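*Asks:* Kindly return the folded structure for what I paste below:
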Amino acid sequence: MRFPTALIFAAALVVPNVALAQGGGPVRAACQNDIRALCGAVQPGGGHIRECMREHRAELSAACKIAIADRMLEHARQRENTSAPGVTAAPSK
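*Replies:* As a prediction, the model looks like this:
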């Protein structure tokens, strides 16, 4: 699946809190090398890794940017499904 360049750029500009707050999952897996290379000296906890990733957003790998963009889309869909009155969210796969 290909993402529009603007979406990937937006993901790189705003590493969302929810993307890196997850203890594991696809974002963590896709960004693990970036985290190690760019933020290896940063003490985990308190959002320090997330902030480091924001500071290095231009240097993130394509795989990490795509995983973040995918997570942002998923999170946006969940918000849309839960915010519409009378609409029940479809069960996630």
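*Asks:* Quick check, pLDDT for the nearest residue to Ala63 once chain neighbours are set aside.
*Replies:* Among residues not flanking Ala63 along the chain, Ala30 sits closest, at 4.6 Å (CB to CB, 6 or more residues apart in numbering). Placement of C-beta: from N, CA and C, glycine included. Note for Ala30: predicted pLDDT of 94.
*Asks:* just the helices in this protein please.
*Replies:* In the chain, the segments counted as helices under DSSP state H are 5-13, 17-21, 25-39, 48-55, 62-83.
*Asks:* Buried ones in the third one, by neighbour count?
*Replies:* Neighbour-count burial for helix 25-39 flags 26-28, 30-31, 34-35, 38-39 (criterion: 16 or more other CB atoms under 10 Å).
*Asks:* Taking their axis directions, that helix and helix 48-55 sit at what angle?
*Replies:* Helix 25-39 runs at 80 degrees relative to helix 48-55, counting by axes from the mean of the first three to the mean of the last three CA atoms, to 10 degrees.
*Asks:* Name the residues that touch helix 25-39?
*Replies:* Contact with helix 25-39 is made by 19-20, 22, 48-49, 52-53, 56, 59-61, 63-64, 66-68, 70-71, as judged by CB atoms under 8 Å, 6 or more residues apart in numbering.
*Asks:* Just the buried ones from the residues you listed?
*Replies:* Using 16+ other CB under 10 Å, the buried ones in those are 19-20, 49, 52-53, 56, 60, 64, 66-68, 70-71.
*Asks:* so which two of those are the farthest from each other?
*Replies:* The span of the buried ones among the contacts of helix 25-39, defined through CB to CB, is set by Cys52 and Asp70 at 21.0 Å.
*Asks:* what's the least confident helix or strand in this protein, going by average pLDDT?
*Replies:* Sorted by mean pLDDT, DSSP states H and E, the helices and strands of the chain end with helix 17-21, the least confident at a mean of 48.
*Asks:* What's the local residue count around Arg57?
*Replies:* Neighbour count of Arg57, defined by other CB atoms under 10 Å: 18.
*Asks:* same thing with Ala62?
*Replies:* 11.
*Asks:* circling back: how about the buried residues of helix 25-39 in TSV, adding distance to His75?
*Replies:* Formatted as TSV, the buried residues of helix 25-39 follow (distance: CB to CB, whole Å):
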residue	distance to His75
Pro26	13
Val27	11
Arg28	15
Ala30	16
Cys31	16
Asp34	20
Ile35	20
Leu38	23
Cys39	22
